[in-house]
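Asks: Output the structure for:
(one chain, ligands or ions: 1)
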Amino acid sequence: MSMRLNKFLSSCGVASRRKCEEIILAGRVTVNGKVTENLATVVDEKSDKVMVDSIQVKLPTEFIYLKMNKPKGYACTANDERGRKTIFDLLENKDVRLFNVGRLDYDTEGLILLTNDGDFANLVTHPKYHFEKEYIVTAEGQVKEGDLAVLRKGVVIDGVRMPTAKVKLLSFDGKWSKVSVVIDEGQNHQVRKMFEAIGKDIKLLKRVRIDGVHLGGLYRGKTKPMTAIEIEYFKKGF
Ligand code: URA
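Replies: Modelled structure (predicted):
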């Protein structure tokens, strides 16, 4: 079967389709021995030899879908340029090439999905499907009703209005507030920027849900396979 190079690479589990475009443009991909930076390149899975960083990539025979409870202090990348620990160090089976579906900041913990199915990753992260992500924020001091109203409306940062959010105060123990924040679009560091805008320091940021998939009781640093229902949920959920 012939397909565009970025689709082929993501189907091989290299990264999401958009990330694969960056990899192609960075000159890291060869087709039959020649570097190609042309995003319109079409390859044939049977007859073309495609390599990324001099390693041949092939279509997987089996798809894998995992949920992980990412701890703080791990980067969501296969190779961290600063040499920090990555979520891939936590995988028990390191033989299968997986990639993370979206990302969490180094200091954020909670639910992250991993797969070698590029179409699935593309679907879950595509802004047009508006899959919800729920975070629990532990913030210093009391988050008041006025702060929540500002967050709901969408704070303005550097002249850009952040998307609206569903927010709810869960508790305040006299020192820390716990707030549930649900967003369906993700800009980089969005939740941290939102709390910075209302002048609240975040002590802990944790993602507990990606639409119908919950973190549940998964221990920190552990992974478990997604259920067929969870996988189908995304495939049917748009
Ligand atoms: N928003 C953030 O600010 N950080 C994350 O890791 C996820 C969402």
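Asks: The residue nearest the centre of the chain and Ala165, how far apart?
Replies: Using Cα atoms, centre = their mean, the residue of the chain that lies closest to the mean C-alpha position is Gly102, 1.5 Å off. Relative to Ala165, Gly102 is positioned 17 Å away (Cβ to Cβ, to the nearest Å). From N, CA and C alone the C-beta is placed, and that goes for glycine too.
Asks: The helix or strand of the chain with the lowest mean pLDDT pairs with which strands?
Replies: The helix or strand of the chain with the lowest confidence, counting by mean pLDDT, DSSP states H and E, is strand 160-161 at a mean of 82. When sheet partners are counted by DSSP bridges, strand 160-161 sits next to strand 156-157 (antiparallel).
Asks: where's the strand it pairs with relative to the chain centroid, distance-wise?
Replies: A distance of 23 Å separates the centroid of the chain from that of strand 156-157, by Cα atoms, centre = their mean, to the nearest Å.
Asks: How about stretch 60-77?
Replies: 9 Å.
Asks: pLDDT of that stretch, averaged?
Replies: When pLDDT is averaged along stretch 60-77, the result is 94.
Asks: ends of it, how far apart?
Replies: Using Cα to Cα, to the nearest Å, the end-to-end distance of stretch 60-77 comes out at 20 Å.
Asks: So that stretch, near the ligand or not?
Replies: No. Legend: contact between stretch 60-77 and the ligand by Cβ under 6 Å from any ligand atom is lacking; minimum distance shown is 8.4 Å.
Asks: mind listing what's buried in that stretch?
Replies: Buried residues in stretch 60-77, counted by 16 or more other Cβ atoms under 10 Å: 60, 64-71, 74-77.
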